[in-house]
Structure formats: C-alpha cells, structure tokens
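>>> coordinates only, sequence not included:
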Ligand SMILES: Nc1ncnc2c1ncn2[C@@H]1O[C@H](COP(=O)(O)OP(=O)(O)OP(=O)(O)O)[C@@H](O)[C@H]1O
Ligand SMILES: [Mg+2]
C-alpha cells in the first residue's frame, strides 16, 4: 500500500520537476514580454535529441550536453529576434499563432535532421534502481531532481543578486521605466528567451533517459508546462515550481489509482478547478484593473 | 452602419457566386471532396470568429465542440439508428448546454488564462472521445452512416437529379455544404449587425464601456461562446456524415489550433476573411505535399511569416493595401 | 425627501494606498454636483465605487435609497446611472454611430430569433435607435461624424461622443470624469453649454473637473477631496471662502 503510494510519488515528483522547469521557462518569457511561448517544449526536444545524436556520433557525453544546450540557446535567441521582436504590436492571439508556427517549424527541422523514430538515451549513472520502502527509485530521477534543484537555485541567485537578472525583472514590471533608467529592453528580452531555452534544453536532456525522446515530444511537454505555469499563476517563479510539482504528483496519482488513460484529463481538470476558484492561479498577482 | 449593411449583402453575394462557380472549374471527385470539407470547416470558423474576432475572446479548444457534434451524430445515427436531422439538432442543443455550463465560469478569465482554460476543455473532450472505446471506437474512430433527410439519403457515392440535371453525389454534397456555409454566413452577419452584435463587439472594444451602458458582459460572452460552439457542433455533425468516418483527431488540440489559425490568418472580425483563412490553410498542405519531408518546415515557416508581416490577417491587409492605392491614385488625379 | 445618491463612510484601499477614505455626502436629484481635488485625491476611484466598477473596502452607496455596492455596473445602468471616463472608453472597433447606439442597449428589445433572421421588429428598432443616436450626436456637437469610424475622430470629438453614448441610455444621473481635460478654451466653453443643457433636461450631473472656472460656474454643490478624505463640502461660495480649501488646494 504505502510502497505503491511512494512509487507514484517518486514518479510524480520526477515528472513534476520537469514540468516545473518548463513552467519556469514560460514564466521567464511571460514576465519579460507577456508572450506565452508555445514553442517552449521544442527547447526540451532539441536538448534531448541533439544530445542523443551527438553522443551517437561519438562525441563525449559532457561535450554533447554543452553543445546541445548552446544550440537551444541560439534557437531561443533566434526565436526572439526573428519571430517575436518583428511582431511586437500584434494581438495576443496573433503572437500565440506565431509561436505555434515557430514550434511547427522547429519540429519540422528536427524531423528532417533526426528522423521520426524514438531515440533512447542511456541513464547518466547506474541503471540499478534504488529500493526505498519497497518502492523503486530510478537513479535518473535523482538526476532530474538534483539538476532541477540546482537550476532553481541558480535562477534565484540570478534574479536576486545579479544586475542582469534584476534588469529582466525591472523590464517585466515596467518596460518604459526600465528603458528610462538605461536598461536595453530588447537585449533583456533576448536574454529572457535565451535563459528560458537553456532551462528547457537542460530539462529535456536530464529527462530524456526516462521518457525517451523524439521530434514531437515537445508539444505535450510544452502544454503541460503551460498548465503548470497557469496553476501557479503566470509570472510567478514560485508558482511555476509549485504548479509543476503539483501537476506531476496529481498526474502520477491519477494514473496509478484511477486510470492511466485519464491522467491527462485529470491534469486538465485540475487547471480548470484552480482557475475556477483562483482566476490568476495560486500565486498570481491580484490587481484591480484601472479605468 | 449603412456601409456595414451594404457590405453584408455584397459579401454574401460574392461568396454565393464563388461557391456556385467552383463546380465550373473542378471535375475531379477528390477536389470536390476537398471543397466540401473546406466549406464545412469554414462554417465552423465563421462561428469561431464570432467569439474570437468580434467579441475578442480566445478559444484554443473549439475543436472539442466540433468533435462533440460529430460524435453525437455519429453515435446516435450509426449505433442507435436515429435520423440525421434530429441527431444534429439534439447534438447541437446538448453542446449548447455544455458550452453554457463551462463557458459561464471560464469566460471570467482573461487573456492567457482563458486560452489555458479553453485548451483544457478541448483536451478533456478529446481524451474522453479517445478513451470511451465501447461508444466511440477509441483512437481508431468509428464509421458514420450517410446524411439523410428523414429517410432520403445524401451520400457522396450516390446519383441525384437537381432541376432535371443528373449530378453526382460529390457535387450534390458540395452544393449542400455550400448552401450551409451561405446560411452560416448570413446568420453570422445578421447577428453582428444588430444590438446583440454591437454588445458583443463592445465587449472587445471596451468591456467597461459596455458594462456602464447596461451590457451584461458576462451574459454576452456566454451567449457568443454558446453560439460559436453550436456552429462547431452542427458543422462537426455534417462533417462526420460527409466523411463517413470520425476519429478523435477532429476534437483534438491540433485541430483547435488549425481552427483559430484560420480565423487569425484570414482576418479576425471579417466573416469573408476567415473563410479565406480556411481555404488557404486547407489548401496549403495539399500544395506542400509535393515537398514531402519539407512539408512541416515550410508550413511552420509560412504560418510564422504571414502572421509576422500581416498581423491583421490576409483580407484586412489586402483591403488596406487596396484602399491606400486607391487613395494614392485619387490624389494623383487632383 | 431622500437624496438621489447617498454615500456613507465610503472607503477603498489598494494594498496600502487609501484612495478613498471615510467619504460621506449626498446628491439631490436635479443638481450639478462636482468633485474636485488635486491629482491622486481619489476622485476617479470615488466615481468607480459609485458606478459599481469597484467594490468598496467599507461603507455604502445608495441610489434612490437602494444600496448598490453589490451591484454590477450594468445593473446600475438599468437603474438610470451612466458615466464617462477620464481615460476615454470608446469602442475603436466600431463606428461613431454604433458607439452611441450601444448606449441604447437597454432600450432595445431584440431577442436572438429576431436578430438571427433579421425580422422586421429588429429593423424597426434599429431605425429608431439610429434616429435617436443621430439626434444625440448632433446635440453634443458630433454631427459631422455621423458616418465616421470612431478611430478616425479627434480627441475632443471622442470626448463628446462618450457623453452622447451615456445620454443615449436615457439616464437619471450621469457622471462625467474630467470631460474638459485636453480641450481648448472654445471646446471647454461648448462643453459648459452642453452640461447646462443636460442639466436643463432634468438629468442629475456629477462632475469631476480640474477647470475651476467651469466647475465654479456650473455646480450647485461641490465636494473637495484631498488624499482620499473630504476636505470640504458645500456651495461654490462656501468652497471658495473655505480656508482649508484655500490653503490646501486653491491657494496652492
Ligand atoms: N486600480 C488601482 N489599483 C491600485 N491603485 C489605484 C487604482 N486606482 C487608483 N489607485 C490609486 O488610488 C489613488 C487615487 O487615484 P484616483 O485615480 O482616484 O485619483 P484622481 O483624484 O482621479 O486623480 P487625477 O486627478 O489624477 O485623475 C492614487 O494613489 C492611485 O494610484
Ligand atoms: Mg481621475
């Protein structure tokens, strides 16, 4: 009984940590530009796929990871420069469609380069799972959680201690004021997309041994990240982490105790329920619209 | 407003001419099939445009309602032997009720939260259709009997006489879908150019302005959500009969995105524009199919570039260009 | 006799900012009642509270003796209250005429059926609404814009259009938030004339304005706000000679 519960919890927290990282990527871009980037999931796909194919070509793992992350970062910058920046005055829906177009484009490229098959990535360390109170904990899960925790810590440091991080925050609060104090908002936006892409690709790499990877995994992962970000309240970093973990755990419990066919339905019902009571998510800013 | 009413009739007339002229240019049954599909999907898009283009509310889950309508008709006619029209009507009423119940709370949400919620609704519907295998056939889908008008059958494979002329089932279905689209456009235009339509558009223009002159904005948002869901449901039902087969893909996220992209690409708030959007987006994959592996890349690229350079959509951008040119040449005359 | 609008100990706080604090006053039917005060004094917030856009932190507002703090703006419109905004709220996706016709919303009795099939009842209604809107646009001085898109109008004309829209609802009371802001002297004079004409029709007017000449000339009574609190209340003469007001506001 308990071991079963623990097993679901492990699964949930592992996948939840991934969702949290994706949600953080959404949050970053949302804060800097108020754009919901539907191509967010593609960064994970690119991270995972590039690492797999580079290692297959004989590149050492660590170097492959670094190259994959750089590739994603460049992609993030390109997305902002080439697709988002030129459309700055467009409607919310138009921007959504642009990022969807970008996501289809990236997916199409990935399919050209890497093909349509599923790819398997080896665990980073031992394949031997750890036994905890009768539940098995995959070593890769520890990697996901560890890397996730480090990334969150780095982000917190970045936004509270570094000038660049503070500039991004300032831009998100008030673009015009930020510009007035000399922050180059276009550079900040570019940075936000880049950091978000780095985050996504690292998440994609560490989770790849668990989920496998293929050119089209980005869609559903991206959407789950969006759900997690919305549960937490768009724009809240804390919300992204809590939302991601909560979503992962609820999903795993639903799959375990109810039916795996309906686990996604549970995830989407959860977001409806949250928004029903908290129209701006768990940690979303409460504002009275000015008129 | 005088302009609006004039435009209303002109648009409808042009659309009718185009619809009835198409058979003069195509003979191939495959092309009729495509044209029929486009007409039916365009009908759903005209409905979605009422919500997105006129009332300014996003829905990323509208295929859910299309799918519900399609499956309700599919199941009641094919499994339970209902006649098609009562099935379509009861399905539409059911979808209206569902849309009202879910629309009421989620339409309080704004911007991205609304897109999230509608996306979730669409997803839940698609998941149910996928998983209730006994009733829906699951991911493989289910066959659907041909459309019938109380026993008289309309099938793409039949032979019919119209005004003494022998016409094929393909052509008959195309004409039927064309007339349905015209009716859909006519109703939508009547709605827009009316007090109700003004209230809807004012929700987009300024929600506070609307509320202080007495518009119950929550009620109107729900109303237009329900109307657009009913459009989707009816078109979904006809689509199911026409195709003779339904799969859960027609309720899925991808199709929701296609529907809203048609609206935005064609031109939000322009009834004729969104039909152009539907035509373009349905034909594009056909044209790109020759590029095989490159299809997806090109599709994504074209979508991105069009939206970046014509954020207002194809028809409004073209209309603007035309107006500018006209102004210029008029200036030249003086 | 009860007042048309009665405000009792009304407060509204945004986080730590007490935008309106413990404000009480009443407006009799038929008056022109002005609210003045320096920038950020809480005038717009007060209007937003009265018209149901904000829910007060505490206190009460009564319209014709009925408490309205739980009502939505559209429910207040149904009870005869309408307004304009400091930050103009015009539907730029519609024509000027349609904006005014929107004001007729509550008087039009169309249902979905008459609308979808464009039955004669609807066409009749619409014709009447258009005539009324035309009349009002001419009344406020927007006669030249009868066929214009709202987005093609000048700032001053839009401000008048907003008033026409409010009047189209046939209100018992209109609240005008800084209608003269951004207008030149000629336009301001025309506005004063317009407000007088509105009042002469028996419509109660509540006004927020910075233009002292306009306010003092036109108002029956005034309320002076400062940092969200009532500094003074009374007739123009009383306000003009009130030492607190002179010190805090007029004397500057
Ligand atoms: N929606 C809101 N959220 C947060 N603070 C608000 C909001 N609306 C108003 N405030 C604050 O309340 C105070 C009063 O603002 P208000 O707009 O009512 O002043 P006002 O008297 O209308 O000023 P002005 O003459 O400049 O129009 C200000 O400090 C303002 O910043
Ligand atoms: Mg103000």
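Looks like it came in fine. This one's a predicted model, so the numbers in the text were calculated from it and none came from an experiment. Ligands and ions are numbered 1, 2, ... in the order given.
>>> roughly how far is the helix or strand hosting residue A:18 from the heart of the chain?
Using DSSP states H and E, the element containing residue A:18 is helix A:2-33. The gap between the average C-alpha position of helix A:2-33 and the chain average comes to 9 Å, counting by CA atoms, centre = their mean, to the nearest Å.
>>> That helix packs against which elements?
Using 3 or more CB pairs under 8 Å, 6 or more residues apart in numbering or on different chains; DSSP states H and E as the contact definition, the elements that helix A:2-33 packs against are helix A:40-56, strand A:135-137, helix A:139-161, helix A:163-173, helix A:185-211, helix A:217-232, helix A:237-253. Yep, even glycine has a C-beta here, placed from its N, CA and C like the rest.
>>> The residue in the stretch 101-250 of chain B that ligand 1 sits nearest to: what's it in contact with?
When scored by CB to the nearest ligand atom, the stretch 101-250 of chain B has residue B:208 as its residue closest to ligand 1, at 11.9 Å. The neighbours of residue B:208, taking CB atoms under 8 Å, 6 or more residues apart in numbering or on different chains as the test, are A:291, C:53, C:73, C:85, C:89.
>>> which sections of chain A are below the confidence cut-off?
Under the criterion pLDDT under 70, no range of chain A is flagged.
>>> Quick one, which of the helices and strands packed on helix A:2-33 gets closest to chain C.
Distances from chain C to each of the helices and strands packed on helix A:2-33 were compared using CB to the nearest CB; the shortest belongs to helix A:163-173, at 14.9 Å.
>>> buried sites along the closest one?
Neighbour counts over helix A:163-173 (16 or more other CB atoms under 10 Å in any protein chain shown) mark A:165, A:167, A:168, A:169, A:170, A:171, A:172 as buried.
>>> Kindly reformat these as CSV containing distance to residue C:237.
What follows is these, written out as CSV (distance: CB to CB, whole Å):
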residue, distance to residue C:237
A:165, 59
A:167, 55
A:168, 57
A:169, 53
A:170, 50
A:171, 52
A:172, 51
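>>> nearest to residue B:62, of the residues you listed?
When the buried residues of helix A:163-173 are compared for distance to residue B:62 (CB to CB), residue A:172 comes out closest, at 31.0 Å.
>>> any idea how far that closest one lies from residue B:90?
Distance, residue A:172 to residue B:90, by CB to CB, to the nearest Å: 49 Å.
>>> returning to that earlier point: Provide the secondary structure category for the residue of the stretch 101-250 of chain B closest to ligand 1.
Secondary structure of residue B:208, reduced to three states by DSSP: H, G, I helix; E, B strand; the rest coil: helix.
>>> what about residue A:201, how many residues close to it?
Residue A:201 sits with 31 neighbouring residues when counted by other CB atoms under 10 Å in any protein chain shown.
>>> List the residues that contact it.
Here residue A:201 is in contact with A:43, A:44, A:46, A:47, A:50, A:68, A:69, A:71, A:72, A:73 (criterion: CB under 8 Å, 6+ apart).
>>> Can you list the buried residues in stretch B:127-140?
Of the residues in stretch B:127-140, B:127, B:128, B:129, B:130, B:131, B:136, B:137, B:138 count as buried by neighbour count, 16+ other CB under 10 Å.
>>> Give me the residues contacting that stretch.
Contacts with stretch B:127-140, where a contact means CB under 8 Å, 6+ apart, come from A:259, A:261-262, A:264-265, A:268, B:67, B:71, B:75, B:79, B:142, B:247-248, B:251.
>>> ranking the contacts of residue A:201 by neighbours, who comes first?
Highest neighbour count within these, by other CB under 10 Å: residue A:43, with 34 neighbours.
>>> Tell me if I'm right that residue B:311 and residue A:92 touch.
No - with contacts defined as CB atoms under 8 Å, residue B:311 does not count as touching residue A:92, sitting 11.2 Å away.
>>> who's more crowded, those two?
residue B:311 (22 against 17).
>>> Closest to ligand 1 out of the contacts of stretch B:127-140?
Distances from ligand 1 to the contacts of stretch B:127-140, taken as CB to the nearest ligand atom, are shortest for residue A:268 (32.2 Å).
>>> Report the secondary structure element holding the closest one.
Following DSSP H and E, one finds residue A:268 within helix A:263-277.
>>> Residue C:10 should be in a helix, yeah?
No - under three-state DSSP, residue C:10 falls outside any helix and is assigned strand.
>>> Would you check how far apart it and ligand 1 are?
Summarising the geometry, the distance separating residue C:10 from ligand 1, computed by CB to the nearest ligand atom, to the nearest Å, is 12 Å.
>>> Is the residue lying closest to that residue once chain neighbours are set aside in a helix, a strand, or coil?
Spatial nearest neighbour of residue C:10, chain neighbours left out: residue C:59 (3.6 Å); criterion: CB to CB, 6 or more residues apart in numbering or on different chains. Local secondary structure at residue C:59 is given as strand here, using three-state DSSP.
>>> Now do residue C:59 against ligand 1, distance only.
Shown here: residue C:59 relative to ligand 1, a distance of 15 Å by CB to the nearest ligand atom.
>>> Contact partners for that residue?
Contacts for residue C:59 were tallied using CB under 8 Å, 6+ apart; they are C:7, C:8, C:9, C:10, C:11, C:22, C:23, C:24, C:69.
>>> beta partners of the second one?
Applying DSSP bridges to residue C:8 gives these bridge partners: residue C:60.
>>> how close does it sit to ligand 2?
Applying CB to the ion, to the nearest Å, the value for residue C:8 to ligand 2 is 22 Å.
>>> Any chance of the backbone angles for the residue nearest to residue B:110 when sequence neighbours are not counted?
Counting by CB to CB, 6+ apart, the nearest residue to residue B:110 once its immediate chain neighbours are dropped is residue A:279, at 7.8 Å. Geometry field for residue A:279 lists phi and psi as phi -60, psi -10, criterion degrees, to the nearest 10.
>>> ditto for residue C:34
phi -110, psi 150.
>>> what do you get for residue B:161?
The phi and psi values for residue B:161, taken as degrees, to the nearest 10, are phi -120, psi 130.
>>> Tell me the bridge partners for it.
residue B:166.
>>> That one against residue B:167, yeah?
Yes - with contact taken as CB under 8 Å, residue B:161 and residue B:167 are classed as touching, separated by 7.2 Å.
>>> Those two - which one has more neighbours?
Set side by side, residue B:161 and residue B:167 show unequal neighbour counts under other CB under 10 Å, the larger going to residue B:167 at 17 against 9.
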